[in-house]
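Peer 1: I'd like to go over a predicted model; first the sequence, then the structure.
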Amino acid sequence: MTGRAPLGRAHVLPVPLPSEKRNSAGAIEHLSGELEVEVSRFGRHVWSDHSPQAALEHGGLDRAEAELRRRGVPVGETGAAPE
């Protein structure tokens, strides 16, 4: 499976950290990506398809925080709209 979407067109969304009683940037959501899927069984091609519209997500606190800094979002903010 391969997904593609421009990073600058993604939403950076907050996720809750209940044990710390706060939110943190934690998900990069693409609502206009594209997706290619190939399915194989025992090395033999079974099915493949392509979708020009797919919702894709990159998770991870460090990755989302780095994207906010790349966009120039002030420290302490937990989300950002697409560029």
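Peer 2: Cool, got the structure. Keep in mind it's a predicted model, so treat the numbers as computed, not measured.
Peer 1: residue 24 and residue 51: what is the separation?
Peer 2: Relative to residue 51, residue 24 is positioned 31 Å away (CB to CB, to the nearest Å). Every C-beta, even on glycine, is put in place using the N, C-alpha and C of the backbone.
Peer 1: which of the two has more residues huddled nearby?
Peer 2: residue 24 (14 against 11; other CB atoms under 10 Å).
Peer 1: pLDDT value on the more buried one, please?
Peer 2: Here, the pLDDT recorded for residue 24 equals 94.
Peer 1: distance of it relative to residue 54?
Peer 2: Going from residue 24 to residue 54 by CB to CB gives 26 Å.
Peer 1: check what pLDDT residue 83 gets.
Peer 2: On pLDDT, residue 83 comes in at 88.
Peer 1: apart from its neighbours in sequence, what residue is nearest it?
Peer 2: residue 8 (4.1 Å; CB to CB, 6 or more residues apart in numbering).
Peer 1: which residues are in contact with the helix or strand of the chain with the lowest mean pLDDT?
Peer 2: Lowest by mean pLDDT, DSSP states H and E among the helices and strands of the chain is strand 2-4, with a mean of 90. The contact list for strand 2-4 (CB atoms under 8 Å, 6 or more residues apart in numbering) reads 30, 33, 34, 35, 36, 54, 56.
Peer 1: distance from it to the middle of the chain?
Peer 2: Offset of strand 2-4 from its chain centre (CA atoms, centre = their mean, to the nearest Å): 11 Å.
Peer 1: buried ones in the following helix or strand past it?
Peer 2: Downstream of strand 2-4, the first helix or strand assigned by DSSP states H and E is strand 11-17. Within strand 11-17, the residues that count as buried by 16 or more other CB atoms under 10 Å are 12, 13, 14.
Peer 1: now for strand 11-17, which elements pack on it?
Peer 2: Identification of packing neighbours for strand 11-17 by 3 or more CB pairs under 8 Å, 6 or more residues apart in numbering; DSSP states H and E yields strand 22-41, helix 61-70.
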